[in-house]
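Asker: Dropping the sequence and predicted coords here.
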Amino acid sequence: MPALIDLIRAGRRVERHNPWPRISVESGTWRSATGALADGSLSLLGLWGEPSRVHMALFDNSASNIGVISLDCPDRRYPSVAARHRPALRLERTIHDLFGLVAIETPDSRPWLDHGRWQMQAPLGERLDAAPDPAPYPFLPAEGDSLHQIAVGPVHAGIIEPGHFRFTASGETVVRLEQRLGYTHKGVEGLMAGSTVEQAARLAGRVSGDSTVGYGLAFAQAVEAAMQIAVPPRALLLRALMAELERLANHLGDIGAICNDASFALMHAHCGVLRERVLRAADAAFGHRLMRDIVVPGGLARDIASEGPAAIRAALEQIRRHFPSLVELYDNTASLQDRTVGTGIVTAALARQFAAGGYVGRASGRSYDARRSPGYHPYDGLRFDVPVLSDGDVNARVWIRIREVEQSLSLAGQILDALEAGPIKVPLQIAPEPCEGIALVEGFRGDILAWLRLSDGRIERCHLRDPSWFQWPLLEAAIEANIVADFPLCNKSFNCSYSGHDL
Amino acid sequence: MRKLLLQSLFRQPLTEQAPRPDDAAIAELAATVGRTARRRLGRSLSIREVDAGSCNGCELEIHALSNPYYDVERFGIRFVASPRHADVLLVTGPVTKNMREALERTYNATPDPKWVVAAGDCARDGGCFAGGYAVVGGVSAIVPVDLHIPGCPPPPMTILRGLLSLLDEVDSGGAAR
């Protein structure tokens, strides 16, 4: 099967696409890329559409390089990727919902984000009139003796995002879980098209509230790649500082919340205190608890406050002091371990096939971390480990977070030590010709992909791919043969984004 | 575990002072809320949170209300699992077209008297998502709203202030729909 470099040679390189190449290919090359995905030599980073074109971002697992291949489809049809590589399935269904492009031989032609309520079809494509009477969504069948179904959502019992889960159970045991998402679809990519870079940056920061820094960073890096501008070192360090604070806050919240779903409220309370300390430090340093709208294309919207470094150091110190006793508590509470160990296992093969990022991948033996590969400043100058485990259960996903909390504490400290005075922003350069940029950034949940094309200083098309796209399907696999009561635990250990996925 | 529990007995509590109810919020409530329902509610509010399409930022801060710093239950405010148990719907997000029916049904499933609080800038008018093909708009486009809590997202103290002013209003003679 071809390596990425062979695919790149087989097509025509598109100009002004940075930093990795984009190649316009014929359908034969598209098909051989699909084959390379299926045999595992390439990983799928993203699959997205335009009104008469599809793009696929690929990662070569042995050469560790990235490329985008594009296929023009003037007849609005393209060869299905999912027919041979299932992780592409929901992305393919989405391309159909948004652009009306048909994947030939797709194994599942049901709609995904389109619930028949937009008053139109293909809103980013031909904008056809909506079907007058949309059929009810056909869930996948599950047949057998004494099976029953449990329908949950979109409004859930807790304070969480909306989505629908259809369980088929045999007694207490889950036989099949089918997710139905799309409830929070806000049409972000449609709103971005034609908007200014500033407006689009605000939208990017609101794709997934818990990853506002991660998305801000991915979007900004893509714009900067397209415009070929370099951000000053101080801004790069402060961006990384915010990204690590975001990771810390989310991981601390998650560790507590996972334990809470096993009814172990003590951990939840203590982790909640540490999370709140991080958010307050972020507020003192950057004027916003979630650090929203601070990362902007070209640098930062504001510098760190003069009292910021001290506030962050105090929070880091408090976590360093208290967190080890919480880890010990987690590790030594048999009733809690009884719930998390061996629950909701994701096999290494599935994690690899789906190129699952973040703690979901790393708890199942996939060591990928976008800070390392492709890597970006300033992480090349910082010391950190990427923890990997192989058990793939809820417990492993907790432990990856514990280790990453420790790494982020160290990284945030290193960044504060390295911080030097200097400018925090460079002006944007509006190119005379259309230009394209792509970025891959490690958010707390995994790698976030941003791709965009700029024209006259405005966004012509922007695609943002949340890490959850390749994690949600694994949750369906993880819950199989577990009991219904363990679903909240499994779900929380994944903590996939609804809004980031639904876009 | 015993050591951790023991420590918390002797440490100063982390809990913040109760904030003053938001004056602007009280003014808005006075205009929208009618006569008393105090006998039914006492000084307690049961809240069903509904994410009608938010980015999850508001949910994070609503979650924070239950941490030891804000400890919202000391005010008699608690989050419940079903709209059938709720006095208040706390709704976030621009209402997406895909969530419109779920929000309507949740509202209809909530027994009277009931109040609707819209939290966050998107919940007021759709925020930066307004005008798209997939978004209806603010919460009041679907269900009647009694109180808006602004912010993107509103910090926990702001949400708490808004909820306390709702409680005060209910307490001193406002009625629900």
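Answerer: That came in fine, so what should we check first?
Asker: for residue 127, what are its contacts?
Answerer: As the question left the chain open, I've gone with chain A. A:120-121 (Cβ atoms under 8 Å, 6 or more residues apart in numbering or on different chains). Using the backbone N, CA and C atoms, a C-beta is placed for each residue, glycine as well.
Asker: That was the other one, I meant chain B.
Answerer: B:G127 makes contact with A:206, B:94, B:120-121, B:152, according to Cβ under 8 Å, 6+ apart.
Asker: mind running it again at 10 Å?
Answerer: Residues near B:G127 by Cβ atoms under 10 Å, 6 or more residues apart in numbering or on different chains: A:186, A:202-203, A:206, B:54-55, B:93-94, B:120-121, B:135, B:137-138, B:152.
Asker: Let's verify A:L409: helix, strand, or coil?
Answerer: Three-state assignment for A:L409 (DSSP: H, G, I helix; E, B strand; the rest coil): helix.
Asker: quick one: it and A:I319 touch, right?
Answerer: Yes. A:L409 lies in contact with A:I319 (Cβ atoms under 10 Å); the separation is 6.1 Å.
Asker: ok, so of the contacts of B:G127, who is nearest A:S468?
Answerer: Relative to A:S468, the closest of the contacts of B:G127 is B:C55; by Cβ to Cβ it sits at 13.3 Å.
Asker: who are the neighbours in contact with the residue nearest to the closest one when sequence neighbours are not counted?
Answerer: Leaving out its chain neighbours, the residue that sits closest to B:C55 by Cβ to Cβ, 6 or more residues apart in numbering or on different chains is A:G209, at 4.2 Å. Taking Cβ under 10 Å, 6+ apart as the criterion, A:G209 is in contact with A:161, A:215, A:290, A:292, A:497, A:499-500, B:54-61, B:92-93, B:120, B:152-153.
Asker: mind running it again at 7 Å?
Answerer: A:290, B:55-57, B:60, B:153 (Cβ atoms under 7 Å, 6 or more residues apart in numbering or on different chains).
Asker: What is the nearest of those to A:A142?
Answerer: When these are ranked by distance to A:A142 (Cβ to Cβ), B:N56 comes first, at 30.4 Å.
Asker: number of nearby residues for A:S335?
Answerer: A:S335 sits with 9 neighbouring residues when counted by other Cβ atoms under 10 Å in any protein chain shown.
Asker: Show me what the strand or helix carrying A:R93 packs onto, helices and strands only.
Answerer: Applying DSSP states H and E as the criterion places A:R93 in helix A:89-99. Counting contacts by 3 or more Cβ pairs under 7 Å, 6 or more residues apart in numbering or on different chains; DSSP states H and E, helix A:89-99 packs against strand A:42-50, strand A:102-104.
Asker: Can you pull the phi/psi pair for the residue of chain B found nearest chain A?
Answerer: Using Cβ to the nearest Cβ, the single residue of chain B nearest to chain A is B:G57, 2.7 Å away. The phi/psi pair for B:G57 (degrees, to the nearest 10) reads phi -60, psi -50.
Asker: State the pLDDT value of it.
Answerer: pLDDT for B:G57: 97.
Asker: Name the nearest residue to it, ignoring sequence neighbours.
Answerer: Ranked by Cβ to Cβ, 6+ apart and with sequence neighbours excluded, the top spatial neighbour of B:G57 is A:G209, at 2.7 Å.
Asker: same question, A:W399
Answerer: Take A:W399 and drop its neighbours on the chain: the residue closest to it by Cβ to Cβ, 6+ apart is A:L389, 6.0 Å away.
Asker: Just to be sure, that neighbour is in a helix?
Answerer: No. Counting by three-state DSSP, A:L389 is located in no helix; its state is coil.
Asker: Could you pull up the residues touching it?
Answerer: By Cβ under 7 Å, 6+ apart, A:L389 lies in contact with A:362-363, A:396, A:399-400.
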